[in-house]
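Trainee: Please work out how this folds:
(chains A, B, C and D)
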Protein chains: 2
Amino acid sequence: MLQLDNFFKSAFTVDNIIFGFDEDDIKVLLIKRKEDPYMDKWALPGYFIKEDENLDDAAVRVLEELTGLKDVYLEQVSTFGDINRHPKGRVITVAYYSLVAIHDYNIRPSRIASEAEWIKVKDIEELSFDHYKILQSCFQRLKRKVRIEPIGFELLPPKFTLTDLQHLYEAILEVKLDKRNFRKKILSMDLLVDLNEVQEGVAHRPARLYKFYESKYQEFLAKGLVFDLSEGKAKQSKAIKKSSGIID
Amino acid sequence: MLQLDNFFKSAFTVDNIIFGFDEDDIKVLLIKRKEDPYMDKWALPGYFIKEDENLDDAAVRVLEELTGLKDVYLEQVSTFGDINRHPKGRVITVAYYSLVAIHDYNIRPSRIASEAEWIKVKDIEELSFDHYKILQSCFQRLKRKVRIEPIGFELLPPKFTLTDLQHLYEAILEVKLDKRNFRKKILSMDLLVDLNEVQEGVAHRPARLYKFYESKYQEFLAKGLVFDLSEGKAKQSKAIKKSSGIID
DNA sequence: TCAAAAGTGTTCTTATTACACCCATGG
DNA sequence: CCATGGGTGTAATAAGAACACTTTTGA
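Mentor: As a prediction, this is how the structure comes out:
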């Protein structure tokens, strides 16, 4: 008869890597800890999972408790459990990343967080615990994911310009993209709605504003199209085209 | 002062999804449990992690203890921790997948496994615990991963024919590929060595044998090339080409 | 001599790249 | 009237897709 008490048990936490986009840079939300270990050091917002709580629910709760953010995109990335990753004993952590439109939310640090601040990913050199490693792993995941699904829009306000979108992709993919080719591609996917509005108060020709057309994305997927802004126009996926007739 | 004992602690396990390839089908290695819960039912090989053991080390150890397999490709996929996933109480599990060339290894079931058997992924309809869900999630991961890195070779014996390789990709990607186009692509990547040997004892024209040229893959990566057999020839990555000169 | 799979090129179509100038606005 | 970023098209190149017949072997 299996008795769980015969096996070692560990504390479990969730850590959230919250990505934002601001002035051409990808940032993450870090908290300054007001609790040992690593008191007064920058860390990812994370805390212990409860006994009666699923992992995803814990990620949502902890995020809200520490930063005030809710209803944001969340995805599990990876689990870190090295024996010595926590100075007080074995603590295994499940890392999640989220995507937030920075200016649409107010951050309210609380609980173990004395401050919370958006910091450029490229300026971060070290963090508490193994959080630097976790950050890198989540940034890699974001980079891959953004080429497969149109999640980048989560990082922009509801109305954005094509240049905003291009800069977002350039920041995530760490590449320079060609303006004309980028526009051709994204518009040909037919996933954006031209709002017939323009920017106000800019000292140059104002840009048109667009929004992401969520429900068209479902049609887009149903047609077997693939979202990839980084290397060209949407292509019909092989799965559909090929299965129709290779007799040779 | 943070006291870990004030927080909920859970038992935690690793589960291994071991993929193999045989007669044009992707298979997974399942064990028949000789221990409750789910005694005599098919399950993924998995067991409890020890107090002084990192997650990856546990995956390696458990795999060997239950199946006799060692020195195989292993990668963490995802963590499953729903409150009720284990009938005896809270058990959080970290899922790994591995890739094995079926005929190069002998399986020796032991510990909690009374039998171990390779079963086609497409024939599996249910498993113990939430293992069916874990399997699906790992298969999705394999599907994505195989297009980005040449890990498929782990599933083949050291010497294989181009048809073997094509069938492998067709099985994983669940697509039919064109023979001539497939050969053109893979050979143009220059990652295979033609061994100047042919199959023996086949009732048709014997095929040439190839092996994967591991060290050439490093050169290949260094040139900024991308491995993708599913949609065409290796392309120079945008990261390298683009950064060189867009002035417009 | 048959069955079974190996091996091999070309053409057409589509996607990707490179690239430069005029436009609208605020200061 | 200047500075700033917005907006636009085309031609050349490269990659992808479609497709059929001859070869070699063992039975």
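
Trainee: in what helix or strand does residue A:197 lie?
Mentor: Here residue A:197 sits within strand A:192-198, counting by DSSP states H and E.

Trainee: I'd like the distance between residue A:183 and residue A:143.
Mentor: Relative to residue A:143, residue A:183 is positioned 22 Å away (Cβ to Cβ, to the nearest Å). Yep, even glycine has a C-beta here, placed from its N, CA and C like the rest.

Trainee: Leaving out the residues flanking it, which one is nearest to residue A:10?
Mentor: residue A:90 (4.6 Å; Cβ to Cβ, 6 or more residues apart in numbering or on different chains).

Trainee: Pull up the per-residue confidence for the one you found.
Mentor: Looking at residue A:90, its pLDDT is 96.

Trainee: buried set for the longest strand along chain A?
Mentor: Longest strand of chain A, by residue count under DSSP state E: strand A:9-22. Within strand A:9-22, the residues that count as buried by 16 or more other Cβ atoms under 10 Å in any protein chain shown are A:9-21.

Trainee: Next: stretch A:135-145.
Mentor: A:135, A:137, A:138, A:139, A:141, A:142, A:145.

Trainee: what does stretch A:166-184 give?
Mentor: So for stretch A:166-184, counting by 16+ other Cβ under 10 Å, buried means A:166, A:167, A:168, A:169, A:170, A:171, A:172, A:173, A:175, A:177, A:182.

Trainee: where along chain A do the strands fall?
Mentor: A:9-22, A:25-33, A:42-43, A:46-48, A:73-80, A:91-99, A:113-120, A:192-198, A:208-212.

Trainee: Low-confidence ranges, chain A, go.
Mentor: A:1, A:231-248 (pLDDT under 70).

Trainee: Show the residue spans covered by the helices in it.
Mentor: Secondary structure of chain A by DSSP state H: the helices cover A:55-67, A:131-145, A:162-173, A:179-188, A:214-222, A:238-243.

Trainee: Output those helices in CSV, with distance to chain B appended to each entry.
Mentor: Putting the helices of chain A into CSV (distance: least, Cβ to the nearest Cβ, whole Å) gives the following:
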stretch, distance to chain B
helix A:55-67, 4
helix A:131-145, 8
helix A:162-173, 8
helix A:179-188, 7
helix A:214-222, 15
helix A:238-243, 5
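
Trainee: Mind putting the ones you listed into a markdown table with distance to DNA strand C?
Mentor: Below are those laid out as a markdown table (distance: least, Cβ to the nearest atom of the strand, whole Å):
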| stretch | distance to DNA strand C |
| --- | --- |
| helix A:55-67 | 34 |
| helix A:131-145 | 17 |
| helix A:162-173 | 12 |
| helix A:179-188 | 4 |
| helix A:214-222 | 14 |
| helix A:238-243 | 10 |
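
Trainee: out of those helices, which comes closest to residue B:53?
Mentor: helix A:131-145 (18.7 Å; Cβ to Cβ).

Trainee: quick revisit: the strand holding residue A:197 packs against which elements?
Mentor: The contact analysis (3 or more Cβ pairs under 8 Å, 6 or more residues apart in numbering or on different chains; DSSP states H and E) places strand A:192-198 against strand A:208-212.
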